[in-house]
Structures are given as structure tokens and as C-alpha cells.
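**Student:** just coords:
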Ligand SMILES: NC(=O)c1ccc[n+]([C@@H]2O[C@H](COP(=O)([O-])OP(=O)(O)OC[C@H]3O[C@@H](n4cnc5c(N)ncnc54)[C@H](OP(=O)(O)O)[C@@H]3O)[C@@H](O)[C@H]2O)c1
């Protein structure tokens with residue numbers, strides 16, 4: 001596992017992933033928007049012995065992002081691609097539904113861009129008969145959160161995409177892992193109101209992701225109570241489930 005791409009490397013989880021993988025003999029391709037934060041993550045990774053290249057780009061320009069991943073892979077084959085970039089948001093206080101523009105952005109950053117990039121790199125990996133793809137979704141994908149329909153919907157789309165890609169790519173030496181975190185203790189998580197039970201530190205989450213990728217696991221839910229909640233949601237009668245989900249809405253939203 002020598003050449004590793006991490007999107008969202010300027011964020012809380014992405015920074016921890018860079019730290020997890022930075023080692024002599026490794027090349028890290030760190031993507032994000034905030035160049036200063038990317039430079040700082042790059043400096044720490046270089047201090048740990050890795051060779052690092054950063055790329056500042058906005059994933060809402062999907063065509064440019066596809067061209068970038070193809071260029072990065074042509075410059076030296078990517079062994080592991082981790083798509084950790086993502087946007088979180090909830091309905092504005094007092095609004096009945098989420099803002100249409102924000103729902104569009106969530107769809108592009110959380111679903112369209114990672115799915116298109118994973119397709120682009122998986123096609124190249126399949127041609128050489130080896131490679132690993134990791135897509136970071138969310139446990140929110142398991143639930144019809146009325147205050148975060150854009151987020152839950154975009155992550156649900158990503159989950160279904162990851163499963164389908166995994167089945168299609170498996171016979172060509174490419175593993176696809178979906179990661180569904182509940183809560184990770186990052187600044188982004190703090191920006192959302194409400195309690196964050198069973199939270200993982202970014203370092204814990206990164207270590208679990210690295211282990212899941214190394215084992216070629218299909219799906220990892222972290223922590224385990226969120227896997228239980230997924231089944232609870234599926235088994236409850238709809239009217240009761242709807243009432244419970246409405247009750248989870250943060251006050252004022
Ligand atoms: N934290 C949690 O509790 C939690 C729970 C479940 C799932 N997740 C998922 O885990 C992943 C990482 O979350 P996090 O907590 O580390 O969030 P974060 O700190 O906000 O990091 C998000 C990353 O995504 C990048 N990003 C956002 N919009 C982008 C865009 N338009 N173009 C390019 N890059 C963009 C950010 O880049 P810049 O900062 O440079 O703009 C940043 O590097 C996300 O996919 C998130 O949905 C997190």
C-alpha cells in the first residue's frame with residue numbers, strides 16, 4: 001500500500017487518516033479546499049516520513065475532480081483511494097424543509113463526486129487487477145432524518161452505490177469498503193446541535209478505517225450500537241418510527 005489518496009484531508013477525519021498512513025515509503029495525495037490546512041497536514045505527514053502532494057480543489061466541479069484523479073493515477077498508480085470529504089447540514093431553525101441549494105450541494109459533495117471519483121479510479125484499478133477503494137458514508141444513511149433529509153439522502157445514495165460497485169469490482173481485484181460512522185469528535189460534528197453518543201476520536205476512527213480497508217471489509221459501522229439502531233429502524237412499524245424520528249429533531253429546527 002504505497003500510494004494513497006485521501007479526499008477531505010483538510011478536515012477532522014481526513015487529517016487523522018493522513019496521520020494514520022504517513023510513514024516512510026508511502027506517498028500521500030491529500031485533497032481538500034483549504035490550502036493552509038492541507039499544507040499543515042502535509043508538513044506533519046512529511047515529518048513522519050511520507051512523500052506528500054496536496055491538491056486544492058472544489059468537488060462541486062466534478063469534471064475537474066475526475067480529470068485530477070486520472071492525472072494523479074497516471075503519475076503513479078494509486079493503491080488505496082479514501083473518499084472522506086463530505087458536507088453535513090441540518091434544516092435551518094424555523095424552516096419546514098431544507099434549502100434547495102444546500103440540498104443540491106449535499107448531493108454533489110456527498111454522493112455525486114465520491115461516486116464518480118470512485119468509478120474513475122476503480123475502472124483504472126480493475127484494468128491492472130488490484131486496488132482498494134474506501135467510501136466514507138454515515139450511519140445517518142440508515143434513517144429518514146426529517147431535519148437532515150439532504151444529508152441522510154446523499155449518504156444513503158452513497159451506501160447503495162458502494163455496495164453495487166463492490167459487487168461489480170470484486171472479480172477484478174478491487175475491494176470496496178463502505179464506512180458508516182455514527183459520530184466522530186471533529187469540529188464539524190460540534191457544529192451540529194444535539195448529543196453525540198458513542199463518539200469516536202478522529203484517531204480511533206482512522207485506525208478502524210485503516211483496519212477495515214486492510215481486511216477488504218465490505219461495510220464497517222462505527223460504533224456498533226449504530227448497527228443495532230439500523231435494524232431497530234427497519235423493524236419498527238412506520239408510524240412509531242416516524243414519531244421517534246420527529247422526536248430526534250433538535251429543538252428549534
Ligand atoms: N464527524 C462526524 O460525526 C461524522 C459522522 C458521520 C459521517 N461523517 C463523515 O466523515 C467525513 C469527514 O467528516 P469530518 O467530521 O472530518 O468533517 P470536516 O472536518 O468538515 O471535513 C470535511 C472535509 O471535506 C472537505 N470538503 C467539504 N466540501 C468540499 C468540497 N466542496 N470540495 C472539496 N472538499 C470538500 C473539507 O475541505 P475544506 O475544509 O478544505 O473545505 C474537509 O476536508 C465526511 O464525509 C462526513 O460526512 C462524519
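**Tutor:** Happy to help now that I have it. It should be emphasised that the depicted structure is a prediction, and the values quoted were computed from it without experimental measurement. Residues are numbered from 1 along each chain as shown.
**Student:** state the distance from the most centrally placed residue in the chain to residue 121.
**Tutor:** The centre of the chain sits closest to residue 136, judged by CA atoms, centre = their mean, with a distance of 2.4 Å. Distance, residue 136 to residue 121, using CB to CB, to the nearest Å: 15 Å. Every C-beta, even on glycine, is put in place using the N, C-alpha and C of the backbone.
**Student:** with residue 133 instead?
**Tutor:** For residue 133 relative to residue 121 (CB to CB), the value is 6 Å.
**Student:** check the contact lists of those two and give me the overlap.
**Tutor:** The contact sets of residue 133 and residue 121 overlap at residue 81 (CB atoms under 8 Å, 6 or more residues apart in numbering).
**Student:** how about the residues of the stretch 51-200 of the chain by the ligand?
**Tutor:** Contacts of the stretch 51-200 of the chain with the ligand, taken as CB under 6 Å from any ligand atom, map to 58-60, 84-88, 109, 136, 138, 181, 183-184, 186-189.
**Student:** show the subsequent helix or strand relative to the lowest-mean-pLDDT helix or strand in the chain.
**Tutor:** Using mean pLDDT, DSSP states H and E, helix 187-190 stands out as the lowest-scoring helix or strand of the chain, at a mean of 89. Downstream of helix 187-190, the first helix or strand assigned by DSSP states H and E is helix 202-215.
**Student:** ok, that following helix near the ligand or not?
**Tutor:** No: between helix 202-215 and the ligand, judged by CB under 6 Å from any ligand atom, nothing touches; the nearest distance is 6.8 Å.
**Student:** then stretch 32-50?
**Tutor:** Yes: contact of stretch 32-50 with the ligand (CB under 6 Å from any ligand atom) involves 32-34, 37.
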